[in-house]
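Chemist: give me the fold of what follows.
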Amino acid sequence: MLTGINLGRYERMTREVSRGGGTRPERLFVLAAEQAEGEVKMMIEEKLMKHGDKHWKAIAWWLERKYSYEYAKRFPLPLSDPYAPAQ
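Modeler: Presented below is the predicted three-dimensional model:
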């Protein structure tokens, strides 16, 4: 993070603000940081759409790691066999 704020402090501040606490400047800072992150994500997704035919691997790699809950490959949990003997 290029704000001069320690990552641990930023995470504590974000957690406190998400719980409804924090000072007004902290709430404004967290809001601005979240908006900036959303803008970066949108720019990366636009690059993928525009240049995906040639340069998609690096962009896809970044999206998978930064937003794994949306872009990473999901592996379904194995279903239990209802006819298997109890253990």
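Chemist: pull out the buried residues from the helix or strand bottoming out on mean pLDDT in the chain.
Modeler: Lowest on mean pLDDT, DSSP states H and E among the helices and strands of the chain sits helix 68-71, with a mean of 81. By neighbour count on 16 or more other CB atoms under 10 Å, the buried set for helix 68-71 is residue 71. From N, CA and C alone the C-beta is placed, and that goes for glycine too.
Chemist: just checking, what packs against that helix?
Modeler: Contact here means 3 or more CB pairs under 8 Å, 6 or more residues apart in numbering; DSSP states H and E; on that basis helix 68-71 packs against helix 24-66.
Chemist: any idea of the mean pLDDT in the helix it packs on?
Modeler: Averaging pLDDT along helix 24-66 yields 85.
Chemist: which elements pack onto it?
Modeler: Using 3+ CB pairs under 8 Å, 6+ apart, helix 24-66 sits against helix 7-18, helix 68-71.
Chemist: pick out the shakiest of these, pLDDT-wise.
Modeler: helix 68-71 - the lowest mean pLDDT of the helices and strands packed on helix 24-66, at a mean of 81.
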